[in-house]
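J.: Model the following, please.
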Amino acid sequence: MALKHYRMSQLLVDISEYANYVFAFVFNVEMVLKLLGLKREYFYYTWNIFDSIIVFTTDLSIMLKILQLDASFSSFATVFRAFRIMRMFKLIRSSVSLRLILDTIINILP
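T.: Residues are numbered from 1 along each chain as shown. The predicted structure is shown next:
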């Protein structure tokens, strides 16, 4: 039973790792397309600057992991992973219906 649990945990770790690569790729494509479309105007919006910092730090953490240097920068990587969660606040702020759903969920929790 314990062996099965370990395999499942490793499976979740692998899925999480691959999902990280997929989302990093999507966010990189988003940033490049916005830069191509908006040019200098891209940097007039603070959310775009924030997104670009998150994209660069995500890319840096992936490169450190590939080069197997991530152990020495583990606290650095953890801090910037936490900042990626803040991208959700951008979505919540921009969507009235999503904000309403989130407020409803918060209000029904004990």
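
J.: quick one: the helices in this protein?
T.: In chain order, the chain shows helices spanning 2-38, 46-66, 74-85, 87-94, 96-108, with DSSP state H as the criterion.

J.: I'd like to know the average pLDDT value across the fourth one.
T.: Along helix 87-94, the predicted local confidence has a mean pLDDT of 65.

J.: swap in the second one?
T.: The predicted model assigns helix 46-66 a mean pLDDT of 84.

J.: Can you list the buried residues in that helix?
T.: Under the neighbour-count criterion of 16 or more other Cβ atoms under 10 Å, helix 46-66 has 48, 51, 52, 54, 55, 57, 58, 61, 62, 64, 65 buried. (C-beta placed from N, C-alpha, C; glycine too.)

J.: Helix 2-38 and that one, what's the angle between them?
T.: Using axes from the mean of the first three to the mean of the last three Cα atoms, to 10 degrees, one finds that helix 46-66 and helix 2-38 are set 130 degrees apart in direction.

J.: how about helix 46-66 as CSV, C-alpha atoms only?
T.: Taking Å, rounded to 0.1, in the frame of the first residue of the first chain, the C-alpha atoms of helix 46-66 are listed here in CSV:
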residue,chain,number,x,y,z
THR,A,46,1.9,47.9,-14.5
TRP,A,47,0.2,44.5,-14.9
ASN,A,48,2.2,43.8,-18.0
ILE,A,49,5.4,44.7,-16.2
PHE,A,50,4.5,42.4,-13.4
ASP,A,51,3.7,39.6,-15.8
SER,A,52,7.0,40.1,-17.6
ILE,A,53,8.9,39.8,-14.3
ILE,A,54,7.0,36.7,-13.5
VAL,A,55,7.7,35.2,-16.9
PHE,A,56,11.4,36.0,-16.7
THR,A,57,11.8,34.6,-13.2
THR,A,58,9.8,31.4,-14.2
ASP,A,59,12.2,31.0,-17.2
LEU,A,60,15.2,31.6,-14.9
SER,A,61,13.9,28.9,-12.4
ILE,A,62,13.4,26.4,-15.3
MET,A,63,16.9,27.1,-16.6
LEU,A,64,18.3,26.6,-13.1
LYS,A,65,16.5,23.4,-12.8
ILE,A,66,17.8,22.2,-16.2
